[in-house]
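Enquirer: Sequence below, structure please.
(chains A and B)
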Amino acid sequence: MPSACRPVRIRASLTPPWATTLRSFSPWAGPLAVLRAVGVNGPVVWIGPEIDAPLVLAVLDFENHWISWMETTSGGGEGTEQVVSQRMTGDPGGLGYLRAEAISAVAGGPASPSVPGAWIALFAEQRGPDRAVSAGLDAQEPLPLKLVRTRVLGNRVLALVLFTGAF
Amino acid sequence: MPFELRPGTMAKLQGFGRQVLSSVLPAAVSDAAPELFEECSSGHVVAINQHGGSKGTGSPAPFG
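Expert: Next up, the predicted model:
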């Protein structure tokens, strides 16, 4: 693992468009930690709590260059990290990747098949705000189509949002 | 799920949060899959009218 005392350059093996996106982080010029896991097909979730830095960039470099990554604050201890931002490139198992098995009916059980007007619970890593927010049920006021910048679309049509939160 | 979805088709489901758009998940759309939700305080069933507000004796769904 690289030392926190010296910046580490991101591997040049990344190819566009990922390399283009990564360049946007260069102004931070803070300690960067790069973790390379060749041949790993799992999700990108790596945070370096052992690195005493205000901002840690975690990168998992796949051989096929399909990567997702997030930037986090290192926090005061394990489990106290705050996600600053994240990037999702559509890699299966990566951040923001929707899976059929991670969608359920609000009452429990699978949500398939979907039904117009049905309430579903949609789980995806780090989608909602750190502090969960619930919209109030009101006879006159409709539920919002956007709740703390969280939106859900079905065929590009916005759905009503009752609750959103990170997990 | 939006009321505009058409039963018998495949819907494209997508989420947006933290300024990141998720991948698109195809989902089969069916006619009906009834679920009942109970309001804890009153014991009444909770339902949402098509305009997005909660259903009640003072706010029934429109006829037709």
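Enquirer: Okay, domains of chain A per the record?
Expert: Chain A resolves into domains spanning A:18-87, A:98-167 when parsed by automatic domain parsing.
Enquirer: For the residue lying closest to residue B:7 once chain neighbours are set aside, the count of nearby residues, please.
Expert: If the residues on either side of it in the chain are set aside, residue B:7 comes closest to residue B:31, at 4.4 Å by C-beta to C-beta, 6 or more residues apart in numbering or on different chains. Backbone N, C-alpha and C define where each C-beta goes, glycine included. Neighbourhood size, residue B:31 [other C-beta atoms under 10 Å in any protein chain shown]: 9.
Enquirer: Hmm, residue A:117 and residue B:31 touching each other?
Expert: No - look at residue B:31 against residue A:117 with C-beta atoms under 8 Å: they stay out of range, at 11.1 Å.
Enquirer: I figured residue B:9 hits residue B:27, correct?
Expert: No - look at residue B:9 against residue B:27 with C-beta under 8 Å: they stay out of range, at 9.9 Å.
Enquirer: Please identify which residue in chain A comes closest to chain B.
Expert: residue A:142 (2.5 Å; C-beta to the nearest C-beta).
Enquirer: So for that residue, what's the pLDDT?
Expert: With respect to pLDDT, residue A:142 scores 86.
Enquirer: Next one, pLDDT for residue 49 please.
Expert: Unless you meant another one, I'm taking chain A. pLDDT, read off for residue A:49, is 36.
Enquirer: Sorry, I should have been clearer: chain B.
Expert: Note on residue B:49: pLDDT of 83.
Enquirer: so it touches residue B:61, yeah?
Expert: Yes - with contact defined as C-beta under 8 Å, residue B:49 reaches residue B:61; the gap is 5.0 Å.
Enquirer: Common neighbours of these two, please.
Expert: residue B:55 (C-beta atoms under 8 Å, 6 or more residues apart in numbering or on different chains).
Enquirer: Which one of those two is surrounded by more residues?
Expert: Legend: neighbour count by other C-beta under 10 Å for residue B:49 and residue B:61, higher for residue B:49 (16 against 11).
Enquirer: Can you give me the distance of residue A:125 to residue B:63?
Expert: Here residue A:125 is placed at a distance of 44 Å from residue B:63 (C-beta to C-beta, to the nearest Å).
Enquirer: oh sorry, the question was meant for residue A:166
Expert: The value you get for residue A:166 to residue B:63, if C-beta to C-beta is used, is 42 Å.
Enquirer: More neighbours: those two, which one.
Expert: residue A:166 (15 against 4).
Enquirer: Check which helix or strand the more buried one maps to.
Expert: Assigned by DSSP states H and E, residue A:166 belongs to neither a helix nor a strand.
Enquirer: just checking, it touches residue A:127?
Expert: Yes - here residue A:166 reaches residue A:127: they are 7.0 Å apart, a contact under C-beta under 8 Å.
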